[in-house]
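Asker: My questions are about this predicted structure, shown below with the sequence.
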Amino acid sequence: MVIKMTEQHEIIHVDHVNLWYGDSMALRDVTMGMPDRQVTALIGPSGCGKSTLLRCLNRMNDLVEQCRMQGVVNFHSKNIYASDVDPVEIRRKIGMVFQRPNPFPKSIYENVSYGPRVHGVKDRKQLDTIVEKTLKRAALWDEVKDRLHDSAMGLSGGQQQRLCIARTLAVEPEVILMDEPCSALDPIATAKIESLIEELKTEYCVVIVTHNMQQASRVSDYTGFMYLGELVEFGTTRQIFETPHETLTENYITGRFG
Amino acid sequence: MADKFHDEIEFLRRDVVNMARFGRNMLNDSMNALQLQDLTMALEVKSRKLTLQEQHDSLEDRIFTMIALYQPVARDLRTLVCSLLIVQASERIGRYGKDIANATRHLADTDTTGNFISIPHMSELVVGMIDDAILAYEHEDLNTIKNMSKRDDVVDSLRTSIFRECLTYMMEDPRTITRCTHYVMISRFLERSGDHACKMAEKIHYMVIGERIEIK
């Protein structure tokens, strides 16, 4: 197994993580780092554990019954699974965007301001500023500025997904996890999300799970290939897609299995 | 989809090998025509230029289409990149063959070719290098191209010695200038063809191993 660690500063470090759903093992001894202000992509066939690994990074698996985990996930060198860590606070700092856009059935404004309000921001003006700033960062402001109080459900799929990204950004996270963020979107909406990811990485660490290998090669700086719960190979995206060291990686990305 | 693509790569590789041999044969046959002073054969080599060009254009087009349609990665991508280089190098080699065939016209009716034993010898070495590069590509086997660098050095020094030899003749007898200039040119064409064989070897190495090397 060739796992070349990144030279960049790692904001998250996964250390010898094993995970079981009941009796079945979903992650096997995964060790890797997610560098700050870079995009890390996780690729692999369905059921290889890439979404499970992503969900480990902000303790989303806590909510899954019969899910058992071993190992350490360090965020800024502190184990997020330590007993004194508040999972809600972790999920604020490490936000997540899901496969299907899932805005709240409320207005666009309320979708974005919901998080900050829960975290205690009451001042209307301050909320207005946060909403404008985050919608701009999510490249959605120009499209919705005249209808902030319309229902978010009236937006197109791509706009809804960018709204979900804005909702994540509103609570000022440091890491953004994306689980197949474009698989329910058309090519144009996908291109918009991809250029958004490119912009986001100047300020955040982005980890993206994708089935679409071209997408991984387009947007990411580092790529990890997973198979049957193991991290088979991790390296710069260029190396993985030009000269993978492992035959398994080679066969997968060239479409010889999967 | 993936299977269809991999079948297409195999067909492409077969056709690239054929084209590379076509270019190699143009060079080889033009040298035979030169040695035999056979004008008919030289003209026949010249006439192959059109086919060479057509093969080059159609293969190049196929490779571009495959890249655009399938966005290949890893070994598939490296194979296509290498194939493209081989197609281009083979076209150059074939054209040098045509140039030598052209020169044969000016060198006919002179009986001094035999004096230049180094030119046929040089041609043998270069054609051998090209053959081995094609074999390496065909079988994805780097063994035949291990010593390319050394072989290229020999070819280079032959070119230098042919140049010196020609200078001597030209100084002795100005009537040999036309003929000797052609010999100098021919040795240059052969030397360039050897360089193309080295370039092919570099790319074949990249295709098989994934690592860039430079053959000096």
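Answerer: Okay, I see it.
Asker: contacts, neighbours, all on C-alpha from now
Answerer: Will do.
Asker: In contact with the spatially most central residue of chain B, which residues?
Answerer: Nearest to the geometric centre of chain B sits residue B:93, at 3.4 Å (C-alpha atoms, centre = their mean). If a contact means C-alpha atoms under 8 Å, 6 or more residues apart in numbering or on different chains, then residue B:93 has B:23, B:24, B:26, B:27, B:193, B:196 as its contacts.
Asker: go with 7 Å
Answerer: Applying C-alpha atoms under 7 Å, 6 or more residues apart in numbering or on different chains to residue B:93 gives the contacts B:23, B:24, B:27, B:193.
Asker: what's the neighbour count on residue 47?
Answerer: Looking at chain A here, since you left the chain open. Neighbour count of residue A:47, defined by other C-alpha atoms under 10 Å in any protein chain shown: 13.
Asker: I was after chain B.
Answerer: As a burial measure, residue B:47 scores 14 neighbours (other C-alpha under 10 Å).
Asker: same question, residue B:2
Answerer: For residue B:2, using other C-alpha under 10 Å, the count is 12.
Asker: State the distance from it to residue A:223.
Answerer: 22 Å (C-alpha to C-alpha, to the nearest Å).
Asker: next one: residue A:69
Answerer: Separation of residue A:69 from residue A:223 (C-alpha to C-alpha) stands at 23 Å.
Asker: Compare those two (neighbour count), which wins?
Answerer: Shown here are residue A:69 and residue A:223; by other C-alpha under 10 Å, residue A:223 has more neighbours (25 against 18).
Asker: could you list every residue that touches the more buried one?
Answerer: Counted by C-alpha under 7 Å, 6+ apart, residue A:223 has contacts A:40, A:41, A:42, A:234, A:235, A:236, A:237, A:240.
Asker: Report the spatially nearest residue to the residue in chain B that chain A sits nearest to, omitting neighbours in sequence.
Answerer: Here the residue of chain B nearest chain A is residue B:74; by C-alpha to the nearest C-alpha that distance is 4.3 Å. The spatial neighbour of residue B:74 that comes closest, neighbours along the chain excluded (C-alpha to C-alpha, 6 or more residues apart in numbering or on different chains), is residue A:242 at 4.3 Å.
Asker: Quick one: neighbours of that neighbour, just the number.
Answerer: As a burial measure, residue A:242 scores 19 neighbours (other C-alpha under 10 Å).
Asker: Can you tell me the closest non-neighbouring residue to residue B:53?
Answerer: Of all residues not flanking residue B:53 in the chain, residue B:91 sits nearest, at 7.1 Å (C-alpha to C-alpha, 6+ apart).
Asker: Next, give phi and psi for residue 10.
Answerer: Here I'm looking at chain A. Residue A:10 adopts backbone torsions of phi -90, psi 130, taken as degrees, to the nearest 10.
Asker: count of residues packed around it?
Answerer: Per other C-alpha under 10 Å, the neighbour tally for residue A:10 reads 20.
Asker: That one and residue A:32 touch, don't they?
Answerer: No - look at residue A:10 against residue A:32 with C-alpha atoms under 7 Å: they stay out of range, at 9.4 Å.
Asker: what touches both of the two?
Answerer: What both residue A:10 and residue A:32 touch, as defined by C-alpha under 7 Å, 6+ apart, is an empty set.
Asker: With residue B:38 as the reference, measure out to the closest residue to residue B:98 other than its chain neighbours.
Answerer: Spatially, and ignoring its direct neighbours in sequence, residue B:98 is nearest to residue B:46 (5.0 Å; C-alpha to C-alpha, 6+ apart). Separation of residue B:46 from residue B:38 (C-alpha to C-alpha) stands at 13 Å.
Asker: host element of the residue nearest to the centre of chain B?
Answerer: Assigned by DSSP states H and E, residue B:93 belongs to helix B:74-107.
Asker: Tell me which residues of that helix come out buried.
Answerer: Buried residues in helix B:74-107, counting neighbours by 16 or more other C-alpha atoms under 10 Å in any protein chain shown, are found at B:74-105, B:107.
Asker: Equivalent analysis for stretch A:154-161, please.
Answerer: For stretch A:154-161, the neighbour count (16+ other C-alpha under 10 Å) marks A:155, A:157, A:158, A:159, A:160, A:161 as buried.
Asker: Give me the neighbour count for the nearest residue to residue B:55 once chain neighbours are set aside.
Answerer: Excluding its sequence neighbours, the residue lying closest to residue B:55 (C-alpha to C-alpha, 6+ apart) is residue B:19, at 6.7 Å. Using other C-alpha under 10 Å, residue B:19 has 22 neighbouring residues.
Asker: Residue B:29 now?
Answerer: The number of residues packed near residue B:29 is 19, by other C-alpha under 10 Å.
Asker: repeat for residue B:120
Answerer: Residues within reach of residue B:120, counting by other C-alpha under 10 Å, total 18.
Asker: what's the spacing between the closest residue to it other than its chain neighbours and residue B:187?
Answerer: Excluding the flanking residues, the one nearest residue B:120 by C-alpha to C-alpha, 6+ apart is residue B:31, at 7.3 Å. Look at residue B:31 and residue B:187: by C-alpha to C-alpha, they are 11 Å apart.
Asker: neighbour-wise, which of those two wins?
Answerer: residue B:187 (26 against 23).
Asker: quick one: which helix or strand includes the more buried one?
Answerer: Assignment of secondary structure by DSSP H and E places residue B:187 within helix B:177-209.
Asker: between that helix and helix B:74-107, how big is the angle?
Answerer: With axes from the mean of the first three to the mean of the last three C-alpha atoms, to 10 degrees defining the directions, helix B:177-209 sits at 170 degrees from helix B:74-107.
Asker: can helix B:177-209 be found next to chain A?
Answerer: No - Helix B:177-209 stays clear of chain A (C-alpha under 7 Å from any C-alpha of the partner chain), getting no nearer than 8.2 Å.
Asker: which strands and helices sit next to that helix?
Answerer: Identification of packing neighbours for helix B:177-209 by 3 or more C-alpha pairs under 7 Å, 6 or more residues apart in numbering or on different chains; DSSP states H and E yields helix B:74-107, helix B:118-139, helix B:148-172.
Asker: what comes up buried for it?
Answerer: Under the neighbour-count criterion of 16+ other C-alpha under 10 Å, helix B:177-209 has B:177, B:179-180, B:182-208 buried.
Asker: coming back round to it: can you redo the buried residues of stretch A:154-161 as JSON lines with secondary structure and distance to residue B:161?
Answerer: Listed next are the buried residues of stretch A:154-161 as JSON lines, based on DSSP: H, G, I helix; E, B strand; the rest coil; distance: C-alpha to C-alpha, whole Å:
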{"residue": "A:155", "secondary structure": "coil", "distance to residue B:161": "78"}
{"residue": "A:157", "secondary structure": "helix", "distance to residue B:161": "73"}
{"residue": "A:158", "secondary structure": "helix", "distance to residue B:161": "70"}
{"residue": "A:159", "secondary structure": "helix", "distance to residue B:161": "72"}
{"residue": "A:160", "secondary structure": "helix", "distance to residue B:161": "75"}
{"residue": "A:161", "secondary structure": "helix", "distance to residue B:161": "71"}
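Asker: what's the spacing between the closest residue to chain B within the stretch 51-200 of chain A and residue A:158?
Answerer: Closest residue of the stretch 51-200 of chain A to chain B, C-alpha to the nearest C-alpha: residue A:187 (16.0 Å). Distance from residue A:187 to residue A:158, counting by C-alpha to C-alpha: 10 Å.
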